Every structure is written in structure tokens, then in C-alpha cells.
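> Coordinates for the following, if possible.
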Amino acid sequence: MEVSLFSTSCKTLKQSPSEALLLQRTWFPKWNQVHLFPRKRALRPLVDHTGVLTWKRNHLQVLNCQLKEVPIIEAGCMDEIYNILAERLVPIAAAESNPNFKHIVGLCGPPGAGKSTLASRVATRVNELWAQKSPCFDSQVESPEVAIVLPMDGFHLYRHQLDAMKDPEEAHARRGAPWTFDPERLLRCLTNLRNEGSVYAPSFNHGVGDPVEDDIFVSLQHKVVIVEGNYLLLDEDVWRDISSIFDEKWFIDVDIEKSMQRVLKRHVSTGKPPDVAKWRIDYNDRPNAELIIKSSKNADLIIKSVDSSG
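Numbers count the residues shown, from 1 in each chain. Next comes the predicted model:
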């Protein structure tokens, strides 16, 4: 296992032989041959009286990284986080020669966490870096995209499927809850992507309120696929099988009150009266968010959301 976090010029930490062996065996066991950050951006280790390691590079911090805990990325702005995440994904895409290779990231978080924005910005940045660093394309040839976003929204149940449920009114009111999605279909899609290297997937038309079939094509040229959605890290039923497919599992950590304020603004912007929007949050969005937040324990990486409005 190769995880590069320190500069080789850092002083050696005082450790007993048993502590050194424990560190060697247990540090980031799931991140085999994947660097949390590029070697050129080496981080300096600090140790406080609790034994907690903290690394700092400019405004970026990876906090509370104890041996069995999940690393947390926190920055002064989201743009820096987008760059850091993209910079670590590009070498992964470049290192593989297998034409069917896919590095699949599961990006989870509650409503209003900024999943869609983060996934889109990171994928765009990966493609920009790939075009800059790939030696096999000259300035006259457009470099192909190697990163793509696959939203979970396309796997909503159709409205006619909600209409056919025992309590259609309740089904529509709770749309967005786990049982209003089709996780079996999502699992089949990701399994086919893993096995075959390409797949057609549905998107979601918010104006119509239903999925759009075969609207997203993940091709062989895509090496990094960011799957974003609410319930990707749930440890139950089919969701558990979905989670097992991901090479990395990211969770966006956001204060629930802040996320609900964002969702309220979103509801109002789509034409819902403020009282209806508040009712929907209390009846559906907040319970969903509380469930999703519990699944953060299954993540490999926690990303602290930064409110651009301050």
C-alpha cells in the first residue's frame, strides 16, 4: 500500500516499534496505491498531546486523522477543494492502460449539501487537467473527456409508479425518500459499467418530473465516474450492494440547518409558496437528511461544505 502524505524532509516522529508497525498496517487500508494528495504538495505532520495528526497546506486542512478515523478535507473556499480532489483523480486515470478501466466515486450528502455542484466542478477540473497534462494530444487535437458525472436522480421512480402505490398521495409527498427510488436498477447500471466499461443511464427532467431514458452515456474513454446522490452510502438492503461498487466514497458534511435553508430557497425558486416549501422540508427533506447524515460513517473521505455567502 502506498499513501503519500508527508514530505520526505519531515522529521521522524518518535514511535515505539509496536506503534510503527500499527501505523504501517492500518493507515488508510482502503486507499491502495492512491495518494490523498500529489507528492509535490507534501504536507507537514503535526502531533498534539492527544496523538491526533493534523496536516496543513495553505488553507487546506485534513483534520482529526487518527489511525481508524476518516480524513476530513476543510478549506477556505470550495474552489480549493474542487482543485485538490481533481488533482488526486487525474493520476489515477492516467495510470491505467486497461480500456475498460473505471474509477467510480460515490459522492453522498444530504439535500442542499452541494453534491451536484461539487461533482460537476471536480469532473470539469479533471478534464481540464487531463488536457493540460496528457502527452498524447497536441494543441491541434482536442483531448477527450476522461471524467463524467452520473446523478442518482435518474433512478427516481416514475410518477405513474408512485400513482400505483397503496397511498399515492403519500408517495408523491415523500418523493425523494429511499423507497421512491429504484436501487435495483441503479445497481444493475453500475454493475454493467464495472463489467463492460460503458453504459447508458437515465437523467432526470425536473420540469417534467420524470427520468429521461438513456440520456447519459458513460463511454470507454471515461476513466473517472462520479456518481452523486443521497443514499449511496446507506448500509442496508440493495443500497449496501451499490456502496460496495465504489472505489472511493465521499461524503459532504454540512450543517443541517444550513442545508435546509438552501433547500427552502430551491423550493421557493421553483414556484412553491413559502408555507408549502416549509411544510415539505419538515415532512420530507429533513427526515431524509437525518437518515443520510447517519450514513457518513461509511465514507472514506469527509468534505466540509463551505458556504460561499459566508
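
> Let me know the helix or strand that I216 is in.
With secondary structure defined by DSSP states H and E, I216 is part of strand 210-218.

> List the contacts of that strand.
By CB atoms under 8 Å, 6 or more residues apart in numbering, the list of residues contacting strand 210-218 from outside reads 102, 148, 150, 153-156, 158-159, 193, 198-205, 225. To be clear about C-beta, it is placed using only N, CA and C from the backbone, and glycine gets the same treatment.

> cool, and stretch 289-304?
When contacts are defined by CB under 8 Å, 6+ apart, stretch 289-304 is touched by residues 30-31, 70-75, 81, 85, 108-112, 118, 178, 230-231, 233-235, 243, 248-253, 256, 259-260.

> For these, which PyMOL command selects only the ones that are buried?
In PyMOL, selecting the buried portion of the contacts of stretch 289-304, with burial taken from 16 or more other CB atoms under 10 Å, looks like this:
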select buried, resi 31+70+71+72+73+74+75+81+85+108+109+110+111+112+118+178+230+231+233+234+243+248+249+250+251+252+253+256+259+260
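
> Among the contacts of stretch 289-304, name the ones in strands.
Members of the contacts of stretch 289-304 lying in strands (criterion: DSSP state E): 72-74, 108, 248-253.

> Just give the nearest non-adjacent residue to V238, would you?
Distances taken as CB to CB, 6 or more residues apart in numbering put P183 closest to V238, at 4.1 Å, once the chain neighbours are dropped.

> Oh, that last question was meant for P287, not what I typed.
Of all residues not flanking P287 in the chain, A177 sits nearest, at 7.7 Å (CB to CB, 6+ apart).

> quick one: the one you found from P111, how far?
Computed with CB to CB, to the nearest Å, the distance linking A177 and P111 is 11 Å.

> Please enumerate the shared neighbours of the two.
Contact with both A177 and P111 is made by residues N288, according to CB under 8 Å, 6+ apart.

> Count residues in the vicinity of the nearest residue to E145 once chain neighbours are set aside, would you?
Nearest residue to E145, sequence neighbours excluded (CB to CB, 6+ apart): N127, at 4.7 Å. Burial of N127, expressed as a neighbour count using other CB atoms under 10 Å, amounts to 21.

> Could you do V149 as well?
V149, neighbours per other CB under 10 Å, totals 22.

> shouldn't it be in contact with I226?
Yes. At 5.1 Å, V149 counts as touching I226 under the criterion of CB atoms under 8 Å.

> Need the residues touching each of those two.
Contact with both V149 and I226 is made by residues 119, 123, according to CB under 8 Å, 6+ apart.

> Please name the spatially closest residue to the residue nearest to the spatial centre of the chain (chain neighbours excluded).
Most central in the chain under CA atoms, centre = their mean is L107, positioned 1.9 Å from the mean C-alpha point. Counting by CB to CB, 6+ apart, the nearest residue to L107 once its immediate chain neighbours are dropped is E228, at 4.2 Å.

> hang on, the one you found is in a strand, isn't it?
Yes. Using DSSP: H, G, I helix; E, B strand; the rest coil, the secondary structure at E228 is a strand.

> close enough to count as contact, it and V122?
No. Counting by CB under 8 Å, E228 does not reach V122; the two are 9.9 Å apart.

> Endpoints of stretch 178-185, how far apart?
13 Å (CA to CA, to the nearest Å).

> what sits up against that stretch?
Applying CB under 8 Å, 6+ apart, the contact partners of stretch 178-185 are 152, 155-157, 162, 171, 174, 230-231, 234, 237-239, 242, 288, 291.

> Narrow the residues you listed to just the buried residues.
By the neighbour-count criterion of 16+ other CB under 10 Å, the contacts of stretch 178-185 include these buried positions: 152, 155-157, 162, 171, 174, 230-231, 234, 238-239, 242, 288.
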